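with the input below, show me the fold.
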Amino acid sequence: MTNRSAVMALLGLALASPGGLSEEIRWRFDYNAARRDASQEQKLILLDIGTEQCFWCKKLDAVTFRDPTVIRLLEGRFIPIKVDANREPRLVSALQVQSYPTLLVAAPDGRILERHEGFVGPTEMKRLLDSALTKMPPTGNTTSENASAVSPIAPDPSRTNPLNLRSEEARRLLATARTELASGCLLSCLERCRRLTRDYPDLPEAEAARTLQRQIAVQTDLARKAQAELTAQLGDLYWERAAELLRMDRPQEAVELLDLLIHLDPESPRAQSARLELLRVQKRLADASALRSGDAVRGQSP
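Below you'll find the predicted structure:
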């Protein structure tokens, strides 16, 4: 199991509803085979492009892709493909992906119908998928079934001009930042704004990004929400690292991180889960210590 899969299991336990889900998305990991299936079945393609280290990719897996409506829609009308950007750098470059997660919805013939950067909640995801379905082209223009390899999904030809590409990227970043602000993903919104002001200072989108930054800073409720989101994100990172340390059989280090998590936000659900895990690990350490002491006593017996 990859690190990302293990973390998803942990986050799923913490974020899923009490009753759990009997359904799940059957992700494809072989890009070429999935493209051929999409062509044969005349289904749209959803590519979820991310990395194991990407926080918002993990949240997308743990929240949005566990929503029953999203699951049913994807399973019925789409071929879902998960792409690890670190393992598929050529594909990611060909698709002109520059941040994670990036979601691409394409027709069976490979033409991109929808593109979204950053985290998207279940409601917005459904809108994204529904919008793509309305653009579904008529059947007939399909990829050859016998092709040994499938070319990457085709970007818009207008993007081949570097100036067009730069302006489009800035517009997309700003649109994503505004969507994230509206949906309450403030830290992600601020990160998009930071990229705009750093990488595109000469474009009008950079000034619009500074306006969004000021809007968050001066509104007390938004500033507090951003702080709460940062606290939650840090708690998730502590939880993930503690789980990784336990898998590596380093329980004492995991105890330190679980204790930090509990003191970070004592009343949060994550802190409650950390308390239970901390008790379990401490009992494990105590039992191991008692066993070692018993062995030492027996070893000293005449």
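
against S268, how distant is the residue nearest to L264 when sequence neighbours are not counted?
Counting by CB to CB, 6 or more residues apart in numbering, L264 lies nearest to G235, which is 5.5 Å off, once chain neighbours are set aside. Every C-beta, even on glycine, is put in place using the N, C-alpha and C of the backbone. In this structure, G235 lies at 7 Å from S268, with CB to CB, to the nearest Å as the measure.

more neighbours: which of the two?
When neighbours are counted by other CB atoms under 10 Å, G235 comes out ahead of the other of G235 and S268, with 21 against 16.

is it true that that one touches P269?
No. G235 is not in contact with P269 according to CB atoms under 8 Å; the separation is 9.6 Å.

ok, and for the biggest helix by length in the chain, which residues are buried?
With DSSP state H setting the assignment, residue counts place helix 269-300 as the longest helix in the chain. By 16 or more other CB atoms under 10 Å, the buried positions in helix 269-300 come out as 270-271, 273-274, 277-278, 281.

quick one: G235 and Q219, what's the gap?
If you go by CB to CB, the gap between G235 and Q219 works out to 24 Å.

among the buried residues of helix 269-300, which one lies nearest to G121?
G121 has its nearest neighbour among these in R270, at 18.9 Å by CB to CB.

enumerate every residue touching the closest one.
Going by CB atoms under 8 Å, 6 or more residues apart in numbering, R270 touches 14, 232, 235-236, 239, 261.

and the buried ones among these, selectable in PyMOL?
The buried subset of the contacts of R270, as determined by 16+ other CB under 10 Å, is captured in PyMOL by this line:
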select buried, resi 232+235+236+239+261
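
and the average pLDDT for stretch 121-140 is what?
Averaged across stretch 121-140, the pLDDT comes to 82.

can you list contacts of it?
Contacts of stretch 121-140 from elsewhere in the structure, counted by CB under 8 Å, 6+ apart, are 42, 44, 46, 63-64, 67, 69-70, 73-74, 77-78, 103, 105, 107-109, 111, 113-114, 116, 120, 179, 183.

name the nearest residue to the most centrally placed residue in the chain, ignoring sequence neighbours.
When the chain is reduced to its mean C-alpha position, the nearest residue by CA atoms, centre = their mean turns out to be C57, at 1.0 Å. The shortest distance from C57 to any residue other than its chain neighbours is 3.2 Å, reached at G50 (CB to CB, 6+ apart).

give me every residue that touches that neighbour.
With contacts defined as CB under 8 Å, 6+ apart, G50 is in contact with 4, 57, 60, 82-85, 100-102.

please tell me how far it sits from T64.
Distance check for G50 against T64: by CB to CB, it reads 12 Å.

check P108 too.
24 Å.

more neighbours: these two, which one.
Per other CB under 10 Å, whichever of P108 and T64 has more neighbours is P108, with 24 against 21.

wasn't that one part of a strand?
No. Under DSSP: H, G, I helix; E, B strand; the rest coil, P108 sits outside any strand and is assigned coil.

what are the ranges of the helices in the chain?
Under the criterion DSSP H, the chain carries helices at the ranges 3-15, 31-41, 55-62, 68-77, 89-94, 122-134, 162-183, 186-199, 204-218, 220-247, 251-264, 269-300.

what pLDDT does L10 get?
Confidence per residue is given as pLDDT, and for L10 that number is 42.

where in this protein is pLDDT low?
Low-confidence segments of the chain, defined by pLDDT under 70, are located at 1-23, 137-165, 294-302.

mind redoing it with 80?
When residues are selected by pLDDT under 80, those of the chain lie in 1-23, 109-110, 136-166, 168, 180, 183-188, 222-234, 236-237, 264-265, 288-302.

the residue nearest to L203 when sequence neighbours are not counted: neighbour count?
Using CB to CB, 6+ apart and skipping residues adjacent in sequence, the residue nearest L203 is A170, 4.9 Å away. Using other CB under 10 Å, the number of residues around A170 comes to 21.

please apply the same query to Q53.
Once other CB under 10 Å is used to define contacts, Q53 is seen to have 13 neighbours.

with L187 instead?
By the criterion of other CB under 10 Å, L187 has 19 neighbours.

what's it in contact with, if anything?
Contacts for L187 were tallied using CB under 8 Å, 6+ apart; they are 226, 229-230, 233.

make TSV out of the residues you listed and add distance to D37.
Listed next are the contacts of L187 as TSV, based on distance: CB to CB, whole Å:
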residue	distance to D37
A226	42
E229	38
L230	41
Q233	36
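
out of those residues, grab the one that's most surrounded.
Neighbour counts for the contacts of L187 (other CB under 10 Å) peak at A226, which has 19 neighbours.

wait, isn't that one in contact with C185?
No. Taking contact to mean CB under 8 Å, the distance of 9.9 Å between A226 and C185 leaves them out of contact.
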